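> Dropping a prediction and its sequence here:
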There are 2 protein chains.
Amino acid sequence: MENANPTVPQRLKPRKTPIQARSGVTVEAIHEAAIQVLLADGLARLTTTRVAERAGVSVGTLYQYFPNKEALLFAILQRHFEEMAESLERVSLHGRKRPLSDLADSLADAYVAVKIARPEATTALYRVAGAIDQFRLSTGVYKRLQDAVVRALANASDASFNDVERVAFTLLSALAGVSRGTFGKLVSGSEVLDRLRDETRLLSRAYLKAAADARPSV
Amino acid sequence: MENANPTVPQRLKPRKTPIQARSGVTVEAIHEAAIQVLLADGLARLTTTRVAERAGVSVGTLYQYFPNKEALLFAILQRHFEEMAESLERVSLHGRKRPLSDLADSLADAYVAVKIARPEATTALYRVAGAIDQFRLSTGVYKRLQDAVVRALANASDASFNDVERVAFTLLSALAGVSRGTFGKLVSGSEVLDRLRDETRLLSRAYLKAAADARPSV
DNA sequence: TACCTAACTGAAGGATTGTTCAGGTATAGG
DNA sequence: CCTATACCTGAACAATCCTTCAGTTAGGTA
C-alpha cells in the first residue's frame, strides 16, 4: 500500500456513449462513505469492502473508480487540499492592496473556514494523513497552498517580506498545527471552534507582522 | 487495534531472582527497532514479527514486554512526549523572572531541540501519531506539556496573560505544526533544520507578545 | 423488440498479520 | 551435578484484507 501507484481517481474505461450511473454512484459518494467509515471504525478498520458497503455498491465497483485502496485515500486527501487551495486563492482574488493585518485575518479565516465547514470530515482526514506518504503531498498539492499564500502576501500595502515562501510555509504549518490540535481535542460541536478562529487570527497577524518587520521595505 | 487495552510496557512476570537478559533485550531496544522499521518500511509494514526480528528477538519475546501491537506504538509515542515534557519543564527550572521574549525563545528552542536531536526518530513518530487514538494522548501526556508551558509563562517579568492555558495550547500546537511541516519536507540533514529554529523563535515571540498585549497587566 | 456493451456484482484466491502456547534454554541456588 | 524457573523461541492458527474476474444487469440504439 505504501508503494502503490498514485493513480488519479477516474473511471477506468470511459464510455463513448455515456449513460446515467445506475445507482447514482459517484466518486463523491465513495469519498463520503470512506469518511464515514473512518469516523465510525477508525483507520485500521477502513477496508475497501466496508467503504463499498457503506456507499451502497459492491467492492468491484469501487475498484472501477480507484485502482487500489491507497489511491482512494490519496484522492480524499487531495480533494481536501484542493478545497483549501481554492479558499486561500480567494483571498487575493480581486488583487487590491490591503493592510497586512487585514490579509492576516483573511488568510486565517480562509484556512479555518474549510476546516470548520465539516468538522467530522476534518477529524477523519487527520487520521488518513499519517497513513499516506507525506512526500507525494508536499511536492504536489501542497505547493499550490503555498503559492496561494505567497500571492496573497504580495497584496500587502504596508509590508513586504524577505523570504516570502518561507513565511508562507511557516504560516501554513502553524495554522495547520493549531487546527489539528483543536480538532484533536474536539468532542462535539462546542465553543472550541470559536476559539480556533480567534487564535488563528491572533497568530497569523502576530507572525506576519514580525516576519515583515524582520526586513522592512516601506 | 484501535480499541485495545492501553497497558504500560513492562515485564509481565517480574523475577524474584533477577538474571541478566540473555540477548540484551530491553524495552528500549524494541522501541529502537520499531522506529527503524517505521523508517524503512512505513507504518503499513510495521508488523510485530518484523520489529522483533529487527530487535534480534522472537515475536514471543516482544509479547512479553508489550501486550499487543498498539501498546507498543503507544509506548513509543508516550516516551517521546515525556522527553518533550522534560525539555519544556527545564525552561522554568530555576524559576527566575525573565523577559517574555527570552521565554519565548527558550520555549521554542526547548521544543525544537527534542525534535532535532534525532531527526529520523521524529519523522517516524509523525507516522505513528495518526494511527493512535488522539484522545488518549490529549487527556494524558499532552496535559503535562501544556502545564510546563503554563508554568514557564508565569515567569514572564514583563507580561501576563488572560487565559494562559489557551495561550499555551496554541503555542504548542503552532510549534508542533511548524515542526511537522518541516520534517515532512525533510530529505536529508540539511539547512532546513536551522530555519526551523529561527522560524519557531520568531513565531513564538510574535504570538506570545500579541497574546500578552491582548490583556496587559504591567 | 433485440442486441450491444458499459456498469455492476460478490464469491474466491492469495497473501499477510496479530497473537498464542507448548516446548526449549540458560541461570541461580543447593 | 541437579532442579526450579524465568526467559526465550517460532511454528501454527484464526482472522482479515486487498484484489481479481467470470458472470449478471440494465441503459442505449437501431
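Right, received. Where do you want to start?

> so A:H80 sits right up against A:T123, yeah?
No: in this structure, A:H80 is not within contact of A:T123 by C-beta atoms under 8 Å, at 11.9 Å. No exception for glycine: its C-beta is placed from N, CA and C like everyone else's.

> Does stretch A:32-50 reach DNA strand D?
Yes: Stretch A:32-50 comes into contact with DNA strand D (C-beta under 7 Å from any atom of the strand), by way of A:R45, A:L46, A:T47, A:T48, A:T49, A:R50.

> Which of the residues in that stretch are classified as buried?
A:E32, A:A33, A:A34, A:I35, A:Q36, A:V37, A:L38, A:G42, A:L43, A:L46, A:T48, A:R50 (16 or more other C-beta atoms under 10 Å in any protein chain shown).

> try stretch A:49-59
A:R50, A:V51, A:A52, A:R54, A:A55, A:V57.

> nearest to DNA strand D, of those residues?
Closest approach to DNA strand D among the buried residues of stretch A:49-59 (C-beta to the nearest atom of the strand): A:R50, at 6.9 Å.

> coming back round to it: closest one of the buried residues of stretch A:49-59 to A:Q146?
Looking at the buried residues of stretch A:49-59 and their distance to A:Q146, the nearest is A:V51, at 31.1 Å (C-beta to C-beta).

> so the closest one sits in a helix?
Yes: residue state for A:V51 (DSSP: H, G, I helix; E, B strand; the rest coil) corresponds to a helix.

> is it true that A:V91 touches A:A108?
No: when contacts are counted by C-beta under 8 Å, A:V91 is not listed as touching A:A108 (10.0 Å).

> Distance of A:V59 relative to B:G42?
Using C-beta to C-beta, to the nearest Å, A:V59 is found at 24 Å from B:G42.

> re earlier: what would the buried residues of stretch A:32-50 look like in TSV with secondary structure?
Formatted as TSV, the buried residues of stretch A:32-50 follow (three-state DSSP):
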residue	secondary structure
A:E32	helix
A:A33	helix
A:A34	helix
A:I35	helix
A:Q36	helix
A:V37	helix
A:L38	helix
A:G42	coil
A:L43	helix
A:L46	coil
A:T48	helix
A:R50	helix
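
> Of A:V91 and A:A108, which one has the most company?
More crowded of A:V91 and A:A108, by other C-beta atoms under 10 Å in any protein chain shown: A:A108, with 27 against 23.

> name the helices or strands packed onto the helix or strand harbouring the more buried one?
Here A:A108 sits within helix A:100-117, counting by DSSP states H and E. Packing partners of helix A:100-117 (3 or more C-beta pairs under 8 Å, 6 or more residues apart in numbering or on different chains; DSSP states H and E): helix A:69-89, helix A:143-153, helix A:164-184, helix A:192-213.

> most packed of those?
Mean neighbour count (mean count of other C-beta atoms under 10 Å in any protein chain shown) peaks for helix A:164-184 among those, with a mean of 23.

> Could you check the angle that helix makes with helix B:164-184?
Here the directions of helix A:164-184 and helix B:164-184 differ by 120 degrees (axes from the mean of the first three to the mean of the last three C-alpha atoms, to 10 degrees).

> per-residue confidence averaged over helix A:164-184?
The average pLDDT for helix A:164-184 rounds to 95.

> elements contacting that helix?
By 3+ C-beta pairs under 8 Å, 6+ apart, helix A:164-184 packs against helix A:100-117, helix A:119-129, helix A:143-153, helix A:192-213, helix B:164-184, helix B:192-213.

> Those: which one's closest to DNA strand D?
Checking those against DNA strand D by C-beta to the nearest atom of the strand gives helix A:119-129 as the closest, at 12.4 Å.

> what about that closest one, near chain B?
Yes: using C-beta under 8 Å from any C-beta of the partner chain, we find that helix A:119-129 touches chain B at A:Y126, A:R127, A:V128, A:A129.

> quick one: contacts for A:E89?
By C-beta atoms under 8 Å, 6 or more residues apart in numbering or on different chains, A:E89 lies in contact with A:A148, A:R151.

> same check, this time on A:D102
Contacts of A:D102 by C-beta under 8 Å, 6+ apart: none found.

> Break chain A down into its structural domains.
For chain A, automatic domain parsing gives the domain ranges A:27-66, A:75-213.

> Of all the helices and strands packed on helix A:164-184, which one is nearest A:E165?
Taking these one by one with C-beta to C-beta, helix A:143-153 is closest: 6.0 Å.

> Which secondary structure elements does the closest one sit against?
helix A:69-89, helix A:100-117, helix A:164-184.

> try it again with 6 Å
For helix A:143-153, the packing partners by 3 or more C-beta pairs under 6 Å, 6 or more residues apart in numbering or on different chains; DSSP states H and E come out as helix A:69-89, helix A:164-184.

> report the angle between the axes of the first one and helix A:100-117?
Note on geometry: by the same axes, to 10 degrees, helix A:69-89 and helix A:100-117 are set 140 degrees apart in direction.

> Name the residues that touch stretch A:46-61?
For stretch A:46-61, the surrounding residues in contact (C-beta atoms under 6 Å, 6 or more residues apart in numbering or on different chains) are A:V25, A:A29, A:I30, A:A33, A:A34, A:Q36, A:V37, A:L38, A:L62, A:K69.

> okay if I get those as JSON lines plus distance to A:D158 and pLDDT?
As requested, the contacts of stretch A:46-61 are exported to JSON lines (distance: C-beta to C-beta, whole Å; pLDDT from 0 to 100):
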{"residue": "A:V25", "distance to A:D158": "52", "pLDDT": "55"}
{"residue": "A:A29", "distance to A:D158": "47", "pLDDT": "93"}
{"residue": "A:I30", "distance to A:D158": "47", "pLDDT": "95"}
{"residue": "A:A33", "distance to A:D158": "48", "pLDDT": "96"}
{"residue": "A:A34", "distance to A:D158": "45", "pLDDT": "96"}
{"residue": "A:Q36", "distance to A:D158": "46", "pLDDT": "95"}
{"residue": "A:V37", "distance to A:D158": "48", "pLDDT": "95"}
{"residue": "A:L38", "distance to A:D158": "43", "pLDDT": "91"}
{"residue": "A:L62", "distance to A:D158": "52", "pLDDT": "96"}
{"residue": "A:K69", "distance to A:D158": "49", "pLDDT": "95"}
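
> Mind picking the two most distant members of these?
The widest separation within the contacts of stretch A:46-61 (C-beta to C-beta) is 19.1 Å, between A:V25 and A:L38.

> Helix or strand with the lowest mean pLDDT in chain A?
Using mean pLDDT, DSSP states H and E, the weakest-scoring helix or strand in chain A turns out to be helix A:134-137, at a mean of 62.

> Present the contacts of stretch A:46-61 as a markdown table; the columns should include distance to B:R166.
As requested, the contacts of stretch A:46-61 are exported to a markdown table (distance: C-beta to C-beta, whole Å):
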| residue | distance to B:R166 |
| --- | --- |
| A:V25 | 45 |
| A:A29 | 39 |
| A:I30 | 39 |
| A:A33 | 36 |
| A:A34 | 34 |
| A:Q36 | 32 |
| A:V37 | 33 |
| A:L38 | 29 |
| A:L62 | 43 |
| A:K69 | 39 |
